[in-house]
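# here is a sequence with its predicted model. Questions after.
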There are 2 protein chains.
Amino acid sequence: MRPASNQPTSLYTDHYELTMLQATLHSGAAHRPSVFEAFARRLPDGRRYGVLAGTGRVLAGLEKFRFNDDQLDFLADTNVVNTETIDYLANFKFSGNIYGYAEGEVYFPYSPVLIVEGTFAECCILETYILSVLNHDTAIASAASRMSLAAGQRDCVEMGSRRTHEASAIAAARASVIGGFSATSNLEAGYRYGLKTVGTAAHSFTLVHDSEKDAFTAQIESMGEDTSLLVDTYDVEAGVRAAVEVAGPKLGAIRLDSGDLVEQAHWVRQLLDDLGNTHTRIMVTSDLDEYAISSLRSAPVDAYGVGTRLVTGSGAPTAAMVYKLVSRADDNGEYQSVAKAASGKKSVGGRKFALRQRNSRGVAEAELLGVGQPVDNDGDDRNLLHHFVVDGELADGWTGHDAVTAAAQRHTESIAELPPHAKKLQPGQPVIPTLFIDPHNRG
Amino acid sequence: MRPASNQPTSLYTDHYELTMLQATLHSGAAHRPSVFEAFARRLPDGRRYGVLAGTGRVLAGLEKFRFNDDQLDFLADTNVVNTETIDYLANFKFSGNIYGYAEGEVYFPYSPVLIVEGTFAECCILETYILSVLNHDTAIASAASRMSLAAGQRDCVEMGSRRTHEASAIAAARASVIGGFSATSNLEAGYRYGLKTVGTAAHSFTLVHDSEKDAFTAQIESMGEDTSLLVDTYDVEAGVRAAVEVAGPKLGAIRLDSGDLVEQAHWVRQLLDDLGNTHTRIMVTSDLDEYAISSLRSAPVDAYGVGTRLVTGSGAPTAAMVYKLVSRADDNGEYQSVAKAASGKKSVGGRKFALRQRNSRGVAEAELLGVGQPVDNDGDDRNLLHHFVVDGELADGWTGHDAVTAAAQRHTESIAELPPHAKKLQPGQPVIPTLFIDPHNRG
């Protein structure tokens, strides 16, 4: 792990968060103890489960959610907020509590994936940053999970950096590993999070040399035999033969990046075997997604390099997470459940508690959300909420490289306890229902 | 303009860019003069034109594409590349030439939007960073353009920060303004690029107060009458009446964020007028895209706040730009056109020159791409290539706030010269054809 960037996260924020702060400082409501929850009202169309990611980045970024003099000058010069508000921001440090689902955990509609408790002011101004991170990272982890399930025991490698914003790419690599990918091509993700980085070669590498054989020779001499040669610049069969001729029987892998991958994989495998390269692996790339990976299941492919469709969430580039005030104290210090009442965009007021209800064989049956108070655990159920931030202090173990590794492991375990039809790629409903347990509504 | 971040851009890079560097340093091909071009083989499905954005960010980031000791230690520790390569990177500074389309310019399939000339080594290692920026920013600007055209003279405001990665959000705000948006909610975009930032209030702001009236009073007292009140927390009619009662006739705007926006806009406008608030504007938000904006054309709406669909490219979250070696010198210093030859993913070898062919009335008729040499301008045509980087030095005027303003103006002008059916939202073909003019293939 390298030192993280010092870039403050505090202006990754919508204008209105700070003007609401100003108006509540004026009315006094800024200081009301409040509970906000991040959740998604729905999964992307046809998805059977979602995979939470980003919490570790939210928590690491919370430490940098401070306002420096340059930022405060900007807010003053552009009249975004008044002097009283700038004074508040100058001293801002989140002092509340944050609970939530652990990264890698699956989630369902209304799962309270992050619960933020503090004054209205301190919870409110975190909104945009929290949602940006969770919406992006969760979208990528959810897509990665479907792809890695479709790939079974074969490796999936994240190679989509060039198809998304340069900083999103780093987070996408991290989220992909949480969702079951084995490595990434993104070097900054290796630098920042200690992820394993890998690569092959591009067509330009072959084309800059006078011949394919010259290119392969340069790569083998420089990188060793255990490298991946890209064989489809001119003619795939000639490329495979040249690769084996240059590298010999210990060639690590060849990569196919165009044409009909299923058909090519079969005859290329046969050709490699005939040439004696039975251990040379075949990696395929080129607009793969979970469906293409599934269709390659019977083909002799060893690894998938996935780009565009992964970093754009395979049709669902954002996770539809929202961040809502669900409870706040009145002037007597009594908590009141609150929720928008006008038509559309319904949410459920009251602080939530969450259990994954499981049967005696450990199979998930429902997402149980206690409203205002915890739900009884019958012994087979699993508590989903962890206490990440305790009175403003970050608990250990939720950020950094080890947290990514733990989240990837958690993802595997969380998927394993879902009903088997969770793994189907066809459009479907969430595999378990979300049930609100509200003691006040039981009558 | 504030000082930019010092974050180096050099590890926003795929692993293979540096291993290809290593192998070409070994073979000597690293030093071959080369030409790479960024282009898209196609527009997103059904789009009639694309809008280029990101070039200013690429150019600003080029200055920070250097390798510091921490980064070099990382590359050495993880054995990404060998010592010779690390020595090369330690001294790396791009010394070549970069040409391309200006930001805000429309583009079509195969338009050479960025042309990078230098040694193979220096052009190769920029690939991932260049594509990340162009693919993201162009996707957003292209979507923004369709939305702002659908909105006509009405304001469009970018409000999607929470739906995309926190750093993408800043670039998305910038690209949206290039594509015709008037402002953004993103404060970091205001801080970094001098964009105008705006905001209203959230439902949580109303809910944290004891009543809607208390909330409105706080906002009006603190922010003044010329603010936007969110009126759909409890009941829209009661909300509008309370807003007018508290703010009086000078209330700036009300915002509607749920329900049937067309139907509501009509009766809310009538209600505001009846109450004497004829100058109070109506802003609508809630999953807007170009189609929803178009359907609101006949409704009395004054401004659109656009989020999710904008920052996810309205169905096309990445622009399909690729970066290909099209020409390089051989050992005699003679340039050779090069291109991948195997099936699929075709490109055209040879350095390109680009003109927008226009008729005598100034209407665009074709994208003329000269292969290997410029195309004759018949006097009505417009040269599309600018010289951004001259022997490693950045030309003036292409980065910073003023460049965004200029790009937005250029976008307006570039759209205006397209045939009228460019503005149709329905799926269609590119409105002008791309024609390659290759003197060697004319026979």
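It's in.
# doesn't A:Asp289 make contact with A:Arg309?
Yes. Between A:Arg309 and A:Asp289 there is a contact under CB atoms under 8 Å: 3.7 Å. Every residue, glycine included, has its C-beta placed from N, CA and C.
# okay, and the common contacts of the two?
Counting by CB atoms under 8 Å, 6 or more residues apart in numbering or on different chains, the residues touching both A:Arg309 and A:Asp289 are A:Ala143.
# burial measure for the closest residue to A:Ser337 other than its chain neighbours, as a count.
Nearest residue to A:Ser337 in three dimensions, chain neighbours excluded: A:Gly349, at 3.4 Å (CB to CB, 6 or more residues apart in numbering or on different chains). Applying other CB atoms under 10 Å in any protein chain shown, we find 22 residues neighbouring A:Gly349.
# next: A:Glu393.
10.
# who's it bridged to?
Beta-bridge partners of A:Glu393, counted by DSSP bridges, are A:Val390.
# same check, this time on A:Ala38
A:Leu114, A:Tyr323.
# show me what contacts it?
The neighbours of A:Ala38, taking CB under 8 Å, 6+ apart as the test, are A:100, A:112-116, A:130-131, A:134, A:321-323.
# ok, so of these, who is nearest chain B?
Chain B has its nearest neighbour among those in A:Leu131, at 3.7 Å by CB to the nearest CB.
# residues touching the closest residue to A:Ser27 other than its chain neighbours, list them.
Counting by CB to CB, 6+ apart, B:Ala218 is the residue found nearest to A:Ser27 once chain neighbours are left out, at 3.5 Å. If you count contacts by CB under 8 Å, 6+ apart, B:Ala218 has them with A:23-24, A:26-27, A:29, B:209.
# farthest pair in the residues you listed?
Spatial extent of the contacts of B:Ala218 (CB to CB) is set by the pair A:His26 and B:His209 at 11.2 Å.
# within the helices and strands, which one has the residue nearest to A:Ser27?
Secondary structure assigned from DSSP states H and E places B:Ala218 in helix B:212-223.
# what comes up buried for that helix?
Judged by neighbour count using 16 or more other CB atoms under 10 Å in any protein chain shown, the buried positions of helix B:212-223 are B:212-220, B:222-223.
# same deal with stretch A:388-396?
Within stretch A:388-396, the residues scored as buried using 16+ other CB under 10 Å are A:388-389, A:394.
# same deal with stretch A:402-410?
Those would be A:403-408, A:410, for stretch A:402-410 by 16+ other CB under 10 Å.
# do it and chain B meet?
No. For stretch A:402-410, no contact with chain B is found by CB under 8 Å from any CB of the partner chain; the gap never falls below 15.9 Å.
# so how far is that stretch from its chain's centroid?
Remark: stretch A:402-410 is offset 12 Å from the chain centroid, using CA atoms, centre = their mean, to the nearest Å.
# do stretch A:57-66 as well
Centroid separation for stretch A:57-66 versus its chain: 17 Å, with CA atoms, centre = their mean.
# export it as CSV, just CAs?
Written as CSV, here are the backbone C-alpha positions of stretch A:57-66 (Å, rounded to 0.1, in the frame of the first residue of the first chain):
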residue,chain,number,x,y,z
ARG,A,57,-13.6,4.1,-0.4
VAL,A,58,-16.3,6.1,1.4
LEU,A,59,-14.6,5.5,4.7
ALA,A,60,-11.1,6.3,3.5
GLY,A,61,-12.5,9.5,1.9
LEU,A,62,-14.3,10.5,5.1
GLU,A,63,-10.9,11.2,6.6
LYS,A,64,-10.2,13.7,3.8
PHE,A,65,-13.6,15.3,4.0
ARG,A,66,-12.2,18.5,5.4
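# any idea of the mean pLDDT in that stretch?
Averaging pLDDT along stretch A:57-66 yields 97.
# for A:Arg351, give me its contacts.
Going by CB under 8 Å, 6+ apart, A:Arg351 touches A:35, A:37, A:115, A:117, A:326-327, A:335, A:371-372.
# these: which two are farthest apart?
Applying CB to CB across the contacts of A:Arg351, the maximum distance is between A:Glu117 and A:Val371, 15.6 Å.
# re earlier: may I have the helix holding B:Ala218 as PDB, with CA atoms only?
Presented in PDB, the C-alpha positions along helix B:212-223 are these (Å, rounded to 0.1, in the frame of the first residue of the first chain):
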ATOM      1  CA  GLU B 212     -42.800  22.500   5.300                       C
ATOM      2  CA  LYS B 213     -43.500  26.200   6.200                       C
ATOM      3  CA  ASP B 214     -40.700  26.200   8.800                       C
ATOM      4  CA  ALA B 215     -38.300  24.800   6.100                       C
ATOM      5  CA  PHE B 216     -39.400  27.300   3.500                       C
ATOM      6  CA  THR B 217     -39.100  30.200   6.000                       C
ATOM      7  CA  ALA B 218     -35.500  29.100   6.900                       C
ATOM      8  CA  GLN B 219     -34.500  28.900   3.300                       C
ATOM      9  CA  ILE B 220     -36.000  32.200   2.300                       C
ATOM     10  CA  GLU B 221     -34.700  34.000   5.400                       C
ATOM     11  CA  SER B 222     -31.200  32.600   4.800                       C
ATOM     12  CA  MET B 223     -30.900  32.500   1.000                       C
END
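# check contacts around the residue lying closest to A:Asp214 once chain neighbours are set aside.
Spatial nearest neighbour of A:Asp214, chain neighbours left out: B:Ser27 (6.7 Å); criterion: CB to CB, 6+ apart. Contacts for B:Ser27 were tallied using CB under 8 Å, 6+ apart; they are A:209, A:214-215, A:217-218, A:222.
# and the biggest helix by length in chain A, anywhere near chain B?
Counting by DSSP state H, the longest helix found in chain A is helix A:127-151. Yes. Applying CB under 8 Å from any CB, one finds helix A:127-151 touching chain B at A:127-129, A:131-133, A:135-137.
# quick check, central residue of chain A?
Among the residues of chain A, the one closest to the centroid is A:Asp137, at 3.0 Å (CA atoms, centre = their mean).
# mind checking how far the residue lying closest to A:Arg162 once chain neighbours are set aside is from B:Thr13?
Counting by CB to CB, 6+ apart, the nearest residue to A:Arg162 once its immediate chain neighbours are dropped is B:Leu131, at 3.7 Å. The spacing between B:Leu131 and B:Thr13, counted by CB to CB, to the nearest Å, is 11 Å.
# doesn't A:Ile432 belong to a strand?
No. Under DSSP: H, G, I helix; E, B strand; the rest coil, A:Ile432 falls outside any strand and is assigned coil.
# that one: what's it in contact with?
Contacts of A:Ile432 (CB under 8 Å, 6+ apart): A:108, A:357, A:364-367, A:418-419.
# from the residues you listed, pick the one nearest chain B.
Using CB to the nearest CB, A:Phe108 comes nearest to chain B of the contacts of A:Ile432, at 20.1 Å.
# check what pLDDT the closest one gets.
pLDDT at A:Phe108 comes out at 98.
# ditto for A:Asn441
A:Asn441 is given a pLDDT of 62.
# try A:Asp378
In this model, A:Asp378 is scored at 90, pLDDT.
# that one: what secondary structure?
At A:Asp378, secondary structure determined by three-state DSSP is coil.
# show me the shaky parts of chain A.
Residue ranges of chain A with pLDDT under 70: A:1-5, A:343-345, A:441-443.
# could you break chain A into its assigned domains?
Annotated domains of chain A cover A:15-125+A:320-441, A:141-315 [automatic domain parsing].
# comparing these, which comes out most buried?
Mean neighbour count (mean count of other CB atoms under 10 Å in any protein chain shown) peaks for domain A:141-315 among the domains of chain A, with a mean of 22.
# quick check: A:His387 vs A:Ile115, distance?
Using CB to CB, A:His387 is found at 10 Å from A:Ile115.
# check A:Asp69 too.
For A:Asp69, the distance to A:Ile115 - CB to CB - is 33 Å.
# secondary structure class for A:His387?
Here A:His387 is recorded as strand under three-state DSSP.
# oh, I was asking about A:Gly118
strand.
# that one bridge partners, please.
Going by DSSP bridges, A:Gly118 forms beta bridges with A:Ser34.
# kindly report the same for A:Arg356.
Applying DSSP bridges to A:Arg356, the residues it is bridged with are A:Glu367, A:Arg382.
# thanks a lot, catch you later.
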